[in-house]
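**Q** Provided below for reference: sequence and predicted model.
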Amino acid sequence: MARWKELPAGLDSRERRLVAELRRLKDHSGLSLAALAGKTGYSRSSWERYLNGKQPVPREAVEELAQVCGVDPTRLVVLHDVAAQARQQAPAPAPAAGGGTGARPEPVPEPAAPRTVPLRTFLAGIAAAVVLAFGAGLLTGGAWADDGPGAGDTGKSGYRRGVAYDCDFGRENGELRAGHSTNREILLDTNSTGFDVVEVQCLLREHGFGTKSTDGLYGQDTKEAATRFQAARGLVADGIVGPKTWAELRR
């Protein structure tokens, strides 16, 4: 997979974080830009601009990418809204010296007006608080988990923090199972929790990349074990468990 171009130096940090997450999600999906264009309402050239920081990503594009990749869009939408709020609050560039004899700059499209100023301020505050919570690891839900129907056979039902779970290995339809989840699509990263994480920890151990515990908490130890496993299998070694890593773990 080709390496991404560096993002523009002047890109706001919140915009960078959003684009980085979208790039990561696209890479884990295994889809090319052309394939992504075929599955969404946005062209290949549009995705190239969005994912290289050349143009702000529309909220709808964020939601469509999440849908195509099979993940809950909530976290990405929050990151998008925070980045959009930062763009709106950015100071306008100072006019060029010389009395305005140079070329007139292109007008920047105005964002859609919010229904009321108090509502916009309220939503921005919520979005910022949620992002801080993700960064500090305060949210108990999985960082990429979809808790809705169909998210996995076991998910988080009955999961308890602080419990080390046993691994019950077996094979079903040729796939290795550890008895906690049949998932093979969900993305797991730092701060993810639940039985999907327990399953990954067990499978990593079975393949010789043991974690310190099978407690369902995706911490640094689990991320490092996943990174080593990915490197050994020729995958993108970023410590994020996605469909390709699941497929190797299930072998």
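**A** Nice, I can see it.

**Q** Assumed residue 22 was part of a helix.
**A** Yes - counting by DSSP: H, G, I helix; E, B strand; the rest coil, residue 22 is located in a helix.

**Q** What is the burial count for it?
**A** Neighbour count of residue 22, defined by other C-beta atoms under 10 Å: 22. Heads up, the C-betas are built off the backbone N, CA and C, glycines and all.

**Q** Tell me, how many residues neighbour the nearest residue to residue 43 once chain neighbours are set aside?
**A** What sits nearest to residue 43 in space, not counting adjacent residues and going by C-beta to C-beta, 6 or more residues apart in numbering, is residue 37, at 5.2 Å. When neighbours are counted by other C-beta under 10 Å, residue 37 registers 17.

**Q** these two touch, right, residue 37 and residue 44?
**A** Yes - contact status for residue 37 versus residue 44: in contact at 4.2 Å, counting by C-beta atoms under 8 Å.

**Q** Quick check: which element contains the residue nearest to residue 43?
**A** helix 33-39 (DSSP states H and E).

**Q** Same question for residue 225.
**A** Going by DSSP H and E, residue 225 is in helix 220-232.

**Q** Next: residue 27.
**A** helix 13-29.

**Q** which residues touch that helix?
**A** Contacts of helix 13-29 with the rest of the structure, by C-beta atoms under 8 Å, 6 or more residues apart in numbering, involve 1, 4, 7, 11, 36, 50-53, 56-57, 62, 65-66, 68-69, 71, 75-76, 79-80, 82-83, 86-87, 187, 236, 238, 240, 242-244.

**Q** ok, and for it, which residues are buried?
**A** Neighbour-count burial for helix 13-29 flags 14-15, 18-19, 21-29 (criterion: 16 or more other C-beta atoms under 10 Å).

**Q** Same check on stretch 213-226?
**A** Neighbour-count burial for stretch 213-226 [16+ other C-beta under 10 Å]: 213, 214, 215, 216, 217, 218, 219, 222, 223, 225, 226.

**Q** Over to stretch 228-248?
**A** 228-230, 235-236, 238-246, 248.

**Q** Please apply the same query to stretch 36-47.
**A** By neighbour count with 16+ other C-beta under 10 Å, stretch 36-47 contains the buried residues 36, 37, 40, 42, 46, 47.
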